[in-house]
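S.K.: Need a 3D model of the following:
(one chain, ligands or ions: 1)
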Amino acid sequence: MDAQELKQYLADAPPSVVRLEIEKHFEALSEKQKRYAHFISRASFYGSRIVARQISPESEPIFDFILALHKSSGGDWKALQAKAGISDEELGYFLQYAAQFLGNNGNYKSFGDAKFIPRGPESAFSALAATSPEAQKFYDATSGAIFSTDKPSLLHLGYPEQGHMTTYYPGSPDITKVEIDAVSAWMEKKGLLPENTRLVQKKDGSFEIWIASAITTIPVEGGDVGKETVFKIEDGILAGKTITLVYGDHSKELAGATASIKKAVENSDNENQRNMHSAYAKSFEKGSLLAFKASQRFWIRDIGPMVECNVGFIETYRDPAGIRAEWEGFAAVVNLERTRAFGALVEAAPTLIPHLPWEKDFEKDKFLSPDFTSLEVLTFAGSGIPVGINIPNYDDIRQTEGFKNVSLGNVMSAKAPDEKIPFIAEKDLEVYKRYRDGAFEVQVGLHELTGHGCGKLLQETSEGKFNFDKENPPISPLTGKPITTWYKPGQTWGSVFGSWAGSYEECRAELVAMYLSCEFPVLKIFGFGDGSIDIDGEAGDVLYASYLSMARAGLTSLEMWDPKSKKWGQAHSQARFSILKCFLEAGDDFCKLDYKGDDLADLKISLDRSKILTAGRKAVGDYLQKLHIFKSTADVETGTKFYADMTNVDPEYWGKKVRDEVLRNKQPRKVFVQANTYLDEATGKVTLKHYDATPEGMIQSWAERDV
Ligand code: ZN
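M.R.: Numbering: from 1, shown residues only. Have a look, this model is predicted:
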């Protein structure tokens with residue numbers, strides 16, 4: 001690999017280390033709730049080693065190597081530097097790598113699944129290792145994998161067959177995708193769920209399914225598929241081969257998680273919480289995913305808790321086969337202020353929705369708000385922290401019992417102290433910085449509650465039965481004529497719009513938010529202005545920041561467009577890009593991109609604040625009206641053609657020139673320093689300890705977490 005190719009794999013210098021602020025919200029909890037949160041945090045963090053183990057064989061020893069150096073130096077990195085005889089720069093590169101490693105819980109990026117390697121020389125790392133026998137032991141155990149790049153395919157997670165990195169199939173370099181799929185099919189037939197498993201192919205061709213559990217033998221009462229552990233595969237390409245169930249994968253960590261979660265049972269606020277944590281305990285102790293599914297059912301019923309959580313093997317993105325899940329656990333505190341604002345927004349929805357650019361024929365008779373809570377994260381154990389979560393992933397539970405949709409406020413609003421803000425003009429920076437969080441809050445509330453919540457699908461609900469007047473069909477505002485298409489019996493939004501549905505719906509929700517944020521009573525709900533139209537006042541500042549943010553998000557979204565395949569990799573990014581285009585095409589000089597030279601250097605967004613309520617809102621309304629009516633009437637042909645056109649990236653201008661400038665200004669992804677909680681056994685009081693937003697603070701937080 002040449003130096004140019006290698007560059008993209010180098011660790012961020014410096015990484016964007018930010019603190020996950022939680023103190024204010026945590027302090028608002030009762031002592032019992034604090035203990036409850038504490039034990040869930042501990043249970044979650046016990047799985048951190050599982051996460052490392054799920055990423056690469058070297059991740060766990062690297063983790064131990066970093067912690068051993070912290071321990072031997074007592075956190076005095078300058079002293080350690082002197083002892084190792086390395087330069088300031090070399091120590092800096094080590095600390096930066098360590099921060100990015102801990103922030104990703106392993107040496108592959110949680111966003112993008114690519115390996116990252118230190119910028120400094122290998123000699124600096126080995127000099128650091130030589131300062132303590134323990135550090136040396138762990139460094140040796142990494143077998144040079146911190147730096148190795150000789151096999152390029154190993155720099156990405158994926159199937160072993162394609163030479164990629166995965167640890168979901170340990171010690172099975174020759175296992176094929178076909179074999180993995182065949183075992184999956186067998187498991188499905190058997191009713192054995194895969195999320196907490198790993199699959200091993202033995203030398204003799206037989207298989208072992210490792211089940212994550214604290215206990216190391218099958219539970220005496222039997223596992224999820226009974227008391228047997230050895231099975232012969234009867235049909236398919238693996239006919240005649242045996243599969244053995246092996247309990248006790250990640251046993252030590254799950255024993256810790258089980259013990260902690262049992263303490264959460266004791267500090268629960270209600271019966272659902274008690275049942276939920278008892279089910280978690282059973283799942284972690286005995287490796288039962290049926291128990292885990294039970295926990296998720298209780299979780300859905302635990303409505304509006306002060307402390308929200310979820311713990312277990314949850315998301316399946318990183319298993320190349322997409323069925324085995326990474327450990328994830330979080331404890332979060334409800335943001336009461338924001339929850340009140342969201343509640344007021346839901347109450348106001350029936351008066352807001354009639355403002356949208358369609359007649360009531362295209363709207364539900366009664367507004368039903370989707371479940372949505374805004375949380376502040378205390379603890380998030382896993383490879384990366386998302387800004388929102390929508391679980392459980394089990395379709396049978398989602399469809400019949402529901403799901404929860406949460407947004408993680410302090411993750412979204414976290415900022416590095418020296419954060420750069422490209423593309424916002426100097427004159428707008430102050431207002432943008434002051435109001436972007438407020439604007440984002442309004443945007444999120446409107447998007448989730450009114451955006452996804454509004455609209456009616458016109459349907460033939462069953463043969464000959466319609467949820468609209470078939471004889472006098474609604475008049476389309478787009479054509480002025482009666483509508484001619486609708487959903488047929490059995491058809492759903494997803495089944496008709498297929499792979500377009502996700503991004504299209506995100507775009508519709510974003511546009512609803514942009515449109516309704518022009519209503520000043522909405523801004524008042526969030527604490528800005530008195531509800532009267534005042535584009536020059538504080539509410540106007542928030543509205544302006546909101547439009548600027550959307551335009552900026554549209555620009556930076558180009559990172560997510562792949563010039564090779566000419567495709568969008570991310571639904572929201574695709575949507576935001578099209579909204580920027582909509583702004584630019586609004587006319588009346590509403591929005592344009594300013595730049596100096598031909599290479600678009602110093603690219604800035606120019607948006608005329610005085611025209612948001614006129615040209616801006618009109619353009620947004622027109623775009624929204626089209627998306628909405630096509631969706632409502634199942635007009636997939638016109639709808640997808642239109643959306644494809646709006647999200648189309650002209651390869652020369654957008655795909656090359658603008659995208660290059662976006663990439664030039666790309667900021668490193670944030671890594672979060674999280675607080676630790678401590679329980680005083682004598683008094684039952686829990687205290688919170690925060691750390692500096694620096695690589696050293698990040699390492700210290702992990703060292704004191706002691707997992
Ligand atoms: Zn959405």
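S.K.: Nearest residue to Arg324 in space, please, no chain neighbours.
M.R.: Distance criterion C-beta to C-beta, 6 or more residues apart in numbering; nearest residue to Arg324, sequence neighbours excluded, is Tyr168 at 4.9 Å. C-betas here are computed from N, CA, C, even on glycine.
S.K.: where's the residue of the chain most remote from its centre relative to Glu363, distance?
M.R.: What lies farthest from the middle of the chain is Glu471; by C-alpha atoms, centre = their mean that is 46.0 Å. The gap separating Glu471 from Glu363 is 20 Å, by C-beta to C-beta, to the nearest Å.
S.K.: What are the neighbouring residues in contact with the residue nearest to Arg324?
M.R.: Gln54, Arg198, Leu199, Arg318, Asp319, Pro320, Ala321, Arg324 (C-beta atoms under 8 Å, 6 or more residues apart in numbering).
S.K.: In the stretch 201-350 of the chain, which residue sits closest to the ion?
M.R.: Closest to the ion within the stretch 201-350 of the chain is Phe342: 14.4 Å, counting by C-beta to the ion.
S.K.: Sticking with that residue, tell me its helix or strand.
M.R.: helix 336-352 (DSSP states H and E).
S.K.: Mind listing what's buried along that helix?
M.R.: Buried residues in helix 336-352, counted by 16 or more other C-beta atoms under 10 Å: Arg338, Ala341, Phe342, Leu345, Val346, Ala348, Ala349, Leu352.
S.K.: Quick check: closest non-adjacent residue to the last one.
M.R.: This points to Leu352. Closest to Leu352 by C-beta to C-beta, 6+ apart is Leu516, at 5.7 Å.
S.K.: Over to the third one?
M.R.: Of all residues beyond its chain neighbours, the one nearest Phe342 is Gly445 (5.3 Å), with distances taken as C-beta to C-beta, 6+ apart.
S.K.: my read: the one you found touches Phe526, true?
M.R.: Yes - between Gly445 and Phe526 there is a contact under C-beta atoms under 8 Å: 7.3 Å.
S.K.: about what we covered before: which SSE is the residue nearest to Phe342 in?
M.R.: Assigned by DSSP H and E, Gly445 falls in helix 429-445.
S.K.: Mind checking the pLDDT average for the helix or strand following that helix?
M.R.: Of the helices and strands lying after helix 429-445 in sequence (DSSP H and E), the nearest is strand 460-462. The pLDDT scores in strand 460-462 average 93.
S.K.: Show me the strands in the stretch 101-250 of the chain, by range?
M.R.: Secondary structure of the stretch 101-250 of the chain by DSSP state E, counting those that start in this stretch: the strands cover 197-201, 207-212, 230-232, 242-249.
S.K.: Nearest residue to the middle of this protein?
M.R.: Short answer for the chain (C-alpha atoms, centre = their mean): Pro386, at 2.8 Å.
S.K.: so what's that one closest to, chain neighbours aside?
M.R.: Leu408 (6.9 Å).
S.K.: Return the backbone torsion pair for the one you found.
M.R.: Per-residue torsions, Leu408: phi -100, psi 90 (degrees, to the nearest 10).
S.K.: Please work out how many residues are found near it.
M.R.: Leu408 has 23 neighbours, counted by other C-beta atoms under 10 Å.
S.K.: what separates it from Asp692, distance-wise?
M.R.: Counting by C-beta to C-beta, the gap from Leu408 to Asp692 is 22 Å.
S.K.: any chance of the buried residues of helix 336-352 in a markdown table, with pLDDT too?
M.R.: Below are those laid out as a markdown table (pLDDT from 0 to 100):
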| residue | pLDDT |
| --- | --- |
| Arg338 | 88 |
| Ala341 | 91 |
| Phe342 | 90 |
| Leu345 | 93 |
| Val346 | 90 |
| Ala348 | 94 |
| Ala349 | 93 |
| Leu352 | 95 |
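S.K.: Show me what from this structure comes close to the ion.
M.R.: Proximity of the chain to the ion, by C-beta under 5 Å from the ion, involves residues Glu506, Ala509.
S.K.: shouldn't His156 be in contact with Met165?
M.R.: Yes - contact between His156 and Met165 holds when scored by C-beta under 8 Å: they sit 6.8 Å apart.
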